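Colleague: Any chance you could fold what I've pasted below:
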Amino acid sequence: MQEYKSALLWFYTENNIIMEAAINKWIDEFITGYKKNIADKKANGIMAIQEGKSPLSFRGYVSICKLFCVMGQRWNDGRNPCNESVFGWLFMTLSWNIIGRSHSVGSIMLQHIKWYEDCLVISLPKHKGDQTGEGLGNEKHVYANPLNPFICPILSLAVLTFLKHRGEEVLLQPLFEGKNPEDRFHKILGRVIKNIPDSVDLGAAKGDIGSHSNRKGSATYVLGLHGLSPVQVYLRAGWSLGNVQDRYIIAGTGGDQIVGRAVSGLPVTDIRFATLPPHFTVEDNAILNDIGWNNILPGFNHYPQSFQNVVPYLLASLIYHQGWLRENLTPTHPLWNQPIFINSFTKGNDNINIMQYFNGKILTGVGYCSEGLIQATGIPEHLVISNQVNIMHNRIENLESNILPGIMDNIISKVSSIPVEVKTVLLDNFRIDGVMPINMSDIEELIKRNNDTILQRLDGITTSMSSPNNNNNNNNNN
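Modeller: You can find the predicted model right below:
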C-alpha cells in the first residue's frame, strides 16, 4: 500500500500540486488500518505468511548456476541455447553478488565497470532507493570465487566478454543487449527452475521463486553469516535505514568489500576467504601487451579505459578454468571458436597459443601475491589473526613431523647405548683377570668394596690426627 501512496506523491509533485495535510493523514491512517487487517488474516490462517517471491537459498543459487552452464548441452528448442546460457549465467551471478534489483543489473553499462586491487567494482549511478544518485554506497565490490567456478561472477563475465566482440559504438552499449534484459532473464530463469530436480533445496517452492528471489536470497544468506554488519548489508542492497540513519550512516569501502567477499560464496570462517582472483605475473602481462590486446580480444580498443583494465583478469580466469569449462560447456559452444582458443600469436621468433602457453602459469593464492603484485582487500581482522595462527600451526606440524622424530631417535639411541658405555667405563677402570661377564651384582660388589676402601682410609687419617704423639708434639711446639 505504501507504494500506492508513493505513486500519488510523485503525481502531485510532477504536477506542482501540494497534497493537503488532511488527505496525507487520511492515507496514512488507511494504510495502517489495512496493514492491521492483513496481519489479523495471517494470524488466523486466512492469508499466507509470505508475500511476494521467496528468498532463494544458497544451495538453490548454486544449482541454478549449474543449470545455466549446461543448458546449452541439454536444451535445443529453436532458440540459441548457448547465448541464453551465457546471458542467464552472468545475470544470475551479478544480481546475487551485488544484491541488486533486476532493473539495476540490466542497466549496467560498460563504463560502470572497473577493476580495483583484487576485485571488480560496479558503479550504480542510481537505484530505487537513491533516485538522485547522491548516495555514497553505489559502488559494489564483486569478487572472484575460483573455489567454485559455477558461481564465479568474474568467470561468467569473462565468457560473455570474449564471446561478444564490440564495435566502435561500444561506449554507448550496455553490458546486456536488448531493450528489456530483466524481462528476458525472468523468462529464462523460469525455464531453468522447471528443470531443477525436486530434491534440490531452493529455499521455497518452485512457484515462489522469481528474479527478485536472487536479491532476497543473497541478502538473507550474508545476514546469516558470522561477523558481518547488517548495516553494511542493507547499504549494499540499497535499503533505507530511516531518515536519521541515512544521514549519519553511510557505506564505507571496507564494509562493502567484506560483504562482497562473503556474498561471493567464499568461506567466511576460513583463511580461504582471502582467496585472490586468477591473475598474471608482471612479466606475463608484459608478454600480453606485446602481443596486443586487440589481437587477443577483437574490439578491445573500443572498450572504455576502465573496462580495458578488467580484461586481463577476465582472460586469466578463462585460462585458469579452461579445463573446467571444457567439462561443463558443450563441445559446440561458440567460445571454443574465439581467437584466444584457435589462433597463434607471435612471441619473438615463436608462434604461441595463449591458452596453451599460459596454462599452468596463472596465479591465485591467499592474502598477497608478490609475483602479481596483488593484495587481498575486504579481509576482517579476525581472519588476519587466524592466518597467523594457521602459519604457527603449520610450523608446529612441520616441527613434529620433521624435527622431533630425529630428536627422539637420538634420545632413544643414547639411552640404548648407556649400558654398553657403563660396561666400557667399568672395564677401563677396574682390573679383571681373565674374561668374565659383569652383571648388576658384580657392579654393586665393586662399588661396595670401593666404598669400604674409602671409609678405611678416612678412618686411618682420623686416627692418625687424634693420636697422643700428635697431641704431645703440638704441646711442645707451643
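Colleague: Tell me the secondary structure at the residue most central in space within the chain.
Modeller: Centroid check for the chain by CA atoms, centre = their mean gives Leu266 as the closest residue, at 3.1 Å. What DSSP: H, G, I helix; E, B strand; the rest coil gives for Leu266 is coil.
Colleague: Contacts only, for it.
Modeller: Counting by CB atoms under 8 Å, 6 or more residues apart in numbering, Leu266 makes contact with Tyr143, Asn145, Leu147, Arg272, Phe273, Thr275. For glycine as for every other residue, the C-beta is placed from the backbone atoms N, C-alpha and C.
Colleague: Per-residue pLDDT of it, please?
Modeller: At Leu266, the pLDDT value in this model is 94.
Colleague: At which residues are the helices of the stretch 301-450 of the chain located?
Modeller: 305-308, 311-320, 322-328, 339-342, 354-357, 381-398, 404-429, 440-465 (DSSP state H, counting those that start in this stretch).
Colleague: if you compare the ones you listed, which one is most tucked away?
Modeller: The highest mean neighbour count among these, using mean count of other CB atoms under 10 Å, belongs to helix 311-320: a mean of 23.
Colleague: How far away from the center of its chain is that one?
Modeller: 17 Å (CA atoms, centre = their mean, to the nearest Å).
Colleague: repeat for stretch 261-276
Modeller: That offset, for stretch 261-276, works out to 2 Å (CA atoms, centre = their mean).
Colleague: can I get the helices of the stretch 301-450 of the chain in JSON lines with mean pLDDT?
Modeller: JSON lines is the format used below for the helices of the stretch 301-450 of the chain (pLDDT from 0 to 100):
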{"stretch": "helix 305-308", "mean pLDDT": "93"}
{"stretch": "helix 311-320", "mean pLDDT": "96"}
{"stretch": "helix 322-328", "mean pLDDT": "93"}
{"stretch": "helix 339-342", "mean pLDDT": "89"}
{"stretch": "helix 354-357", "mean pLDDT": "89"}
{"stretch": "helix 381-398", "mean pLDDT": "76"}
{"stretch": "helix 404-429", "mean pLDDT": "68"}
{"stretch": "helix 440-465", "mean pLDDT": "70"}
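Colleague: between the ones you listed, which one is nearest to Asp208?
Modeller: Closest approach to Asp208 among the helices of the stretch 301-450 of the chain (CB to CB): helix 322-328, 28.2 Å.
Colleague: Name the residues that touch that closest one?
Modeller: Cys69, Val70, Pro149, Phe150, Val159, Leu318, Leu335, Met355, Asn359.
Colleague: 10 Å instead, please
Modeller: Defining contact as CB atoms under 10 Å, 6 or more residues apart in numbering, one finds that helix 322-328 is touched by 66, 69-70, 72-73, 146, 149-150, 152, 155, 158-159, 317-319, 321, 333, 335-336, 340-341, 355-356, 358-359, 362.
Colleague: mind showing which ranges of the stretch 201-350 of the chain have poor pLDDT?
Modeller: Counting by pLDDT under 70, the stretch 201-350 of the chain contains low-confidence residues at 240-253.
Colleague: Spatially nearest residue to Gln232 (excluding sequence neighbours)?
Modeller: Closest residue to Gln232 apart from its sequence neighbours, by CB to CB, 6 or more residues apart in numbering: Gly255 at 3.7 Å.
Colleague: Isn't that neighbour up against Arg261?
Modeller: No: at 11.2 Å, Gly255 does not count as touching Arg261 under the criterion of CB atoms under 10 Å.
Colleague: Quickly list what's touching both of these two.
Modeller: By CB under 10 Å, 6+ apart, the residues touching both Gly255 and Arg261 are His141, Leu228, Gly378.
Colleague: helix or strand right after the helix or strand where the first one lies?
Modeller: It refers to His141. Element membership for His141 (DSSP states H and E) is strand 139-142. Next in sequence after strand 139-142, counting helices and strands by DSSP H and E, comes helix 153-163.
Colleague: from the chain's centre, how far out does the strand holding His141 sit?
Modeller: For strand 139-142, the distance to the chain centre is 15 Å (CA atoms, centre = their mean).
Colleague: Tabulate the helices of the stretch 301-450 of the chain (TSV), appending distance to Gly100.
Modeller: Shown next, in TSV, are the helices of the stretch 301-450 of the chain (distance: least, CB to CB, whole Å):
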stretch	distance to Gly100
helix 305-308	19
helix 311-320	20
helix 322-328	26
helix 339-342	30
helix 354-357	32
helix 381-398	26
helix 404-429	54
helix 440-465	86
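Colleague: out of those, nearest to Lys41?
Modeller: helix 381-398 (45.1 Å).
Colleague: Check what contacts the closest one and list those residues.
Modeller: Here helix 381-398 has contacts from 226-227, 258, 261, 268-274, 366-367, 376, 379-380, 404, using CB under 10 Å, 6+ apart.
Colleague: rerun that using 8 Å as the cut-off
Modeller: With CB under 8 Å, 6+ apart, helix 381-398 has contacts from Gly227, Ile271, Phe273, Ala274, Val366, Gly367.
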